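Trainee: Sequence first, predicted coordinates after that:
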Amino acid sequence: MNDFQNQHDQLCRRAFLGRSSFGLGSLAYALLAQRSLAQSPQEQAPSWRLPTAKAKRVVVIFLSGGLAQHDLFDEKPLLVERRGEELPPSVRKGERITGLTERQGGLPVVGSKFEFSNYGKCGMRMSELVPHLGEVADDLLLIRSLQTDHVLHEAAMTILFTGTPLLGRPSWGAWSSYALGDGKGNLPEFVVLLSNPDPATPLHPRLWHNGFLAGRHQGVPFRSGKDPVLFVKNPPGIDEKARARQLAALQELNALEAAKSGDPDAQARLAVFETAARMQTSVPELADLSQESPETLEEYGAEAGKESFASNCILARRLLERGVRFVQLCDAGWDHHYNIPRVLPRKCEQVDKPAAALIRDLKRRGMLDDTIVVFAGEFGRTPYCEGPLAFDSYGRDHNALACSVLVAGGGFKAGHCHGKTDDWGWSAAEDIVHIHDLHATILQQLGIEHTKLTVRAQGRDFRLTDVGGKIGPGLIA
């Protein structure tokens, strides 16, 4: 065994590099030191940092399944007038649709059953299903012309959060943590909050994964309730002193491994353990919603100690107040292929009031100006019906060509509608915003030049906006 171990140590790449530290290592250090001396402190700042930033933090309210925008944000009177007629081929222009509606043999259009009204001083037209968001319409930018690249859930979700349908890339929040965070706070820089899990559309951890970035940039899932973070609380029977000795020993082992091999995973473990130790004292206070006033709980529609989207919205605000850079609020159950008149009102009741309360609360606390709030699904829905068409029952299929998204704060235009879809609501027709454009614009408001926020991995440079993305004209105030 000893002979085998000796041979392994002689052949191991890490051991080779470790023993070569006075050769290859010293040469690399000399080059880096020489470069460092040649640069001024200002030149050593990250190349992606812009001179100014309008925003410091982001909240993404992700409604998993795809929003039925024709029933919520994009009113189409023509669909009501021509109900039951086929979507004209001249409108569809041969664009792909999913196999679900392709097999049904017809594409009868259907308008919304719900009434639309003007909200706010700006007169923003939105559905009766979102009256609370209507109350904050003057703080909202409604983009009706967003487009993405795929009509399948998993691929579209992955594009929304990583910029590509390919697996293994860092998520939006991980990029933000990498660009802006220092890892010195009492909480992670990127936190994920989940509500109303739906077995039909499960949310995969890749939507908050760090990809090839350091492990500390991965999103940390929090839960509302007594134990918001798993495994941070001491196990039963382990007192504080015993736990401190265990953590100290683990830290020492990781430090030895990091010093010996330079392994990024060992360094990531060091950072994670340090953050976890700080979280043991900060998380219990953070998660105690009983500290909130009864008026605040009522405004959000939350109940202290009860898990819900509303409780997660309050927790999101508390996270932002304590320095978290990126909060991902995920709510499942928005994949409405059938029976929209019955299921959509129920989902809107769960999110409308809390989401509007979050925007009002941030504004009241002076935080909305430098916080970007995004309200979106992974794609939109079709103007034609999927399944049986009846007055009290209709569904809609996936549509990547016409999506609606709300943005508030962070220097974005307020009380403004951007872009239009065609009269049938099939595709964006004016002022089109691609998902990469939205990413690029939000990064700019955070003081980040999206084309320079790159990391080299697997032989090439990667970025959130892939090879696209432009600053959305007309989106910024």
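Mentor: Cool, got the structure.

Trainee: going forward, measure contacts and count neighbours with C-alpha atoms only.
Mentor: Fine.

Trainee: how about the helices in the stretch 51-200 of the chain?
Mentor: Assignment of helices within the stretch 51-200 of the chain using DSSP state H, counting those that start in this stretch yields the ranges 77-81, 89-92, 99-102, 131-135, 153-162, 172-180.

Trainee: Which neighbouring elements make contact with the last one?
Mentor: With contacts defined as 3 or more Cα pairs under 8 Å, 6 or more residues apart in numbering; DSSP states H and E, the packing partners of helix 172-180 are helix 153-162, strand 190-195, strand 326-331.

Trainee: quick one, the first one and strand 326-331 angle?
Mentor: Translated: helix 153-162. Interaxial angle of helix 153-162 relative to strand 326-331 (axes from the mean of the first three to the mean of the last three Cα atoms, to 10 degrees): 160 degrees.

Trainee: before we move on, what about the second one?
Mentor: Calculated by the same axes, to 10 degrees, strand 190-195 forms an angle of 10 degrees with strand 326-331.

Trainee: Strand 190-195 pairs with which strands, and in what direction?
Mentor: According to DSSP bridges, strand 190-195 has the following sheet partners: strand 220-222 (parallel), strand 326-331 (parallel).

Trainee: Which residues are in contact with Asp466?
Mentor: By Cα atoms under 8 Å, 6 or more residues apart in numbering, the residues touching Asp466 are 163-164, 436.

Trainee: Make JSON lines out of those and add pLDDT, neighbour count and distance to Ala214.
Mentor: Rendered in JSON lines, the data for the contacts of Asp466 read as follows (pLDDT from 0 to 100; neighbours: other Cα atoms under 10 Å; distance: Cα to Cα, whole Å):
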{"residue": "Gly163", "pLDDT": "97", "neighbour count": "26", "distance to Ala214": "18"}
{"residue": "Thr164", "pLDDT": "96", "neighbour count": "23", "distance to Ala214": "19"}
{"residue": "His436", "pLDDT": "98", "neighbour count": "27", "distance to Ala214": "23"}
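
Trainee: between those, which is closest to Ala53?
Mentor: The shortest gap between Ala53 and any of the contacts of Asp466 belongs to His436, at 19.3 Å (Cα to Cα).

Trainee: so who does Thr382 touch?
Mentor: For Thr382, the residues meeting the contact criterion (Cα under 8 Å, 6+ apart) are 68, 396-399, 425-426.

Trainee: go with 10 Å
Mentor: Under the criterion of Cα atoms under 10 Å, 6 or more residues apart in numbering, the neighbours of Thr382 are 68-70, 97, 107, 109-110, 337, 395-403, 424-427.

Trainee: again with Leu362
Mentor: Under the criterion of Cα under 10 Å, 6+ apart, the contact list for Leu362 reads 317, 320-321, 368-371, 373, 409.

Trainee: doesn't it fall inside a helix?
Mentor: Yes. According to DSSP: H, G, I helix; E, B strand; the rest coil, Leu362 belongs to a helix.

Trainee: Quick check: pLDDT value at Pro388.
Mentor: What the model reports as pLDDT for Pro388 is 87.

Trainee: Renumber starting at 398 from here on
Mentor: New numbering, starting at 398: the last item is Pro785.

Trainee: Identify the residue spatially nearest to it, adjacent ones excluded.
Mentor: Spatial nearest neighbour of Pro785, excluding adjacent residues (Cα to Cα, 6 or more residues apart in numbering): Tyr791 at 6.2 Å.

Trainee: Confirm for me that that neighbour is in contact with Leu741.
Mentor: No. Proximity of Tyr791 to Leu741 does not meet the contact threshold set by Cα atoms under 10 Å, at 11.1 Å.

Trainee: quick one on the thing from earlier: out of the strands paired with strand 587-592, nearest to Ala576?
Mentor: Distances from Ala576 to each of the strands paired with strand 587-592 were compared using Cα to Cα; the shortest belongs to strand 723-728, at 11.5 Å.

Trainee: quick one: the closest one to helix 569-577, angle?
Mentor: Going by the same axes, to 10 degrees, strand 723-728 is angled at 170 degrees with respect to helix 569-577.

Trainee: now strand 723-728, how far from the centre of its chain.
Mentor: Relative to its parent chain, strand 723-728 has a centroid offset of 6 Å by Cα atoms, centre = their mean, to the nearest Å.

Trainee: one step back: take the helices and strands packed on helix 569-577 and write them to JSON lines, including mean neighbour count and mean pLDDT.
Mentor: Putting those into JSON lines (neighbours: other Cα atoms under 10 Å; pLDDT from 0 to 100) gives the following:
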{"stretch": "helix 550-559", "mean neighbour count": "23", "mean pLDDT": "96"}
{"stretch": "strand 587-592", "mean neighbour count": "23", "mean pLDDT": "95"}
{"stretch": "strand 723-728", "mean neighbour count": "25", "mean pLDDT": "97"}
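
Trainee: Give me the residue ranges of this structure where confidence is low.
Mentor: By pLDDT under 70, the weakly predicted segments of the chain are 398-442, 621-624, 627-629, 665-678.

Trainee: State which strand of it is the longest.
Mentor: As assigned by DSSP state E, the longest strand anywhere in the chain is strand 777-787.

Trainee: Now that one: buried residues?
Mentor: 777-784, 786 (16 or more other Cα atoms under 10 Å).

Trainee: would you turn those into a markdown table with distance to Asp728?
Mentor: Below are the buried residues of strand 777-787 laid out as a markdown table (distance: Cα to Cα, whole Å):
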| residue | distance to Asp728 |
| --- | --- |
| Gly777 | 16 |
| Arg778 | 17 |
| Thr779 | 21 |
| Pro780 | 24 |
| Tyr781 | 25 |
| Cys782 | 24 |
| Glu783 | 23 |
| Gly784 | 25 |
| Leu786 | 27 |
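
Trainee: and of those residues, the nearest to Arg757?
Mentor: Out of the buried residues of strand 777-787, the one with the shortest distance to Arg757 is Gly777. That distance is 26.2 Å, counting by Cα to Cα.

Trainee: Please verify my assumption that the closest one contacts Ile540.
Mentor: No. Contact between Gly777 and Ile540 fails when scored by Cα under 10 Å: they sit 12.0 Å apart.

Trainee: Give the residues shared as contacts by those two.
Mentor: Shared contacts of Gly777 and Ile540 (Cα under 10 Å, 6+ apart): 800-802.

Trainee: Sort out which of those residues are buried, if you could.
Mentor: Applying 16+ other Cα under 10 Å to the shared contacts of Gly777 and Ile540 flags 800-802 as buried.

Trainee: Now, these that are in strands?
Mentor: The members of these that map onto strands under DSSP E are 800-802.

Trainee: Kindly reformat those as a markdown table containing distance to Ala752.
Mentor: Converted to a markdown table, those look like this (distance: Cα to Cα, whole Å):
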| residue | distance to Ala752 |
| --- | --- |
| Cys800 | 19 |
| Ser801 | 16 |
| Val802 | 13 |
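
Trainee: picking up where we left off before, next structured bit after the longest strand of the chain?
Mentor: Tracing the chain past strand 777-787, the next element assigned as helix or strand by DSSP states H and E is strand 790-796.

Trainee: What pairs with that following strand, parallel or antiparallel?
Mentor: Pairing partners of strand 790-796, with direction, according to DSSP bridges: strand 777-787 (antiparallel).

Trainee: who's in contact with Glu637?
Mentor: If you count contacts by Cα under 10 Å, 6+ apart, Glu637 has them with 631, 643.
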